[in-house]
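Trainee: please find the sequence and the predicted model below.
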Amino acid sequence: MPELADVEEYRRVLDRCGRGHRVTRVEVTDAGVLRGGLRARRLRDALTGARIGRPERHGKWLVLHTGGPAVLLHFGMTGQLVSAPADERPAAHDRVLFTLDDGRQLRFRDQRKLKGLWLAPTPGEVDRLLADQGPDALSLTREQLDAALGGRPRQLKAALLDQSRIAGLGNLLTDEVLWHARLHPAHRTDRLDRAATGRISRSLKQVLRISVRAGRVPPRGSWLTGHRDEPGGTCPRCGHALAHGRIAGRGTVWCPRDQPAPAG
DNA sequence: CACAGTGTTATCTG
DNA sequence: TCAGATAACACTGT
């Protein structure tokens, strides 16, 4: 699930349920999600008794601040942050449990364990862990978009997915933005005209605004996302059969009529 | 049983 | 040097 919109939802969970509360207990039920050499003992020592501050999101990263050390969370493909009563039995894939002073728990839940939790003892360490991230997609300016699409020629989808150019867009959001912008995902970035980049800019803003509000890429009937896994799925805009392929190393869906393949 | 999957990264190839 | 492809990570659902 976790692309920018999903991580934004986890930020809201952390803000609503965690902010202002003290951590009374930290349980690591699967140390496989601890990253950067972090051990359960060290996470426990750093967080127990700490008061949770205002969380931040950058791209697909979530930062849990305490005023002292910070915890950085990356959700990979299957991670979630959920709030539950502390006396409720943990789910099968709850890997780290933070019990709070109000009897609730924040739980890092993750099936595949592709990413996980990092501990940043100082603000400088937070910056170091996020250093290779490009500007956040949600507040991307037109100038930043142009810069992200500039430089060496690449496939458009590959450029939008590159977290060091734009942080936060994943496979679903990227396909959705390109479908709204009526641009083929394999379009070359060096052959985009001003009208095309303008459509990308507007589509990006609209898709993110609605997705962030929903806390996910909405599987609305009028969007591409709700149709990408349908066998024999058709474009919700023009009715043409959707195309499926592999572009930028990812499963990709587009409408061959609305998003014609670039020449050459 | 085979394979794909909402993410990232190391490594190989052309 | 670099864009692109591939495997790997670990696990589930089709």
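Mentor: Looks like it arrived, so ask away. Since we're looking at a predicted model, the values are computed, not measured.
Trainee: where exactly do the helices run in the stretch 101-250 of chain A?
Mentor: When secondary structure is read from DSSP state H, counting those that start in this stretch, the stretch 101-250 of chain A shows helices at A:123-129, A:142-149, A:156-161, A:171-181, A:194-214.
Trainee: any chance of CSV for those, columns mean pLDDT and mean neighbour count?
Mentor: Every C-beta, even on glycine, is put in place using the N, C-alpha and C of the backbone. Below are the helices of the stretch 101-250 of chain A laid out as CSV (pLDDT from 0 to 100; neighbours: other CB atoms under 10 Å):
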stretch, mean pLDDT, mean neighbour count
helix A:123-129, 92, 14
helix A:142-149, 94, 16
helix A:156-161, 94, 23
helix A:171-181, 95, 24
helix A:194-214, 95, 17
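Trainee: looking at those helices, which is nearest to DNA strand B?
Mentor: DNA strand B sits nearest to helix A:171-181 of all the helices of the stretch 101-250 of chain A, at 3.3 Å, using CB to the nearest atom of the strand.
Trainee: and that closest one, C-alpha only, in CSV?
Mentor: Provided in CSV are the C-alpha atoms of helix A:171-181 (Å, rounded to 0.1, in the frame of the first residue of the first chain):
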residue,chain,number,x,y,z
ASN,A,171,3.7,2.5,-8.9
LEU,A,172,0.0,3.3,-8.5
LEU,A,173,0.3,7.0,-8.2
THR,A,174,2.6,7.3,-11.2
ASP,A,175,0.3,5.3,-13.5
GLU,A,176,-2.6,7.3,-12.2
VAL,A,177,-0.9,10.7,-12.9
LEU,A,178,0.2,9.6,-16.4
TRP,A,179,-3.3,8.4,-17.2
HIS,A,180,-4.8,11.7,-16.0
ALA,A,181,-2.1,13.6,-18.0
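Trainee: need the contact list for the residue of the stretch 101-250 of chain A found nearest DNA strand B.
Mentor: Of all residues in the stretch 101-250 of chain A, A:Gly170 sits closest to DNA strand B, at 2.0 Å by CB to the nearest atom of the strand. Contacts for A:Gly170 (CB atoms under 8 Å, 6 or more residues apart in numbering) come out as A:Pro2, A:Glu3, A:Leu4, A:Lys60, A:Leu161.
Trainee: isn't the third one up against A:Ala137?
Mentor: Yes. A:Leu4 sits in contact with A:Ala137 when judged by CB atoms under 8 Å, with a separation of 5.6 Å.
Trainee: shared neighbours of the two, anything?
Mentor: A:Gly59, A:Ala167, A:Gly168, A:Leu169, A:Leu173, A:Leu208.
Trainee: residues from chain A in reach of DNA strand C?
Mentor: Listed as neighbours of DNA strand C in chain A under the rule CB under 7 Å from any atom of the strand: A:32, A:92, A:111-114, A:151-155, A:158, A:247-249.
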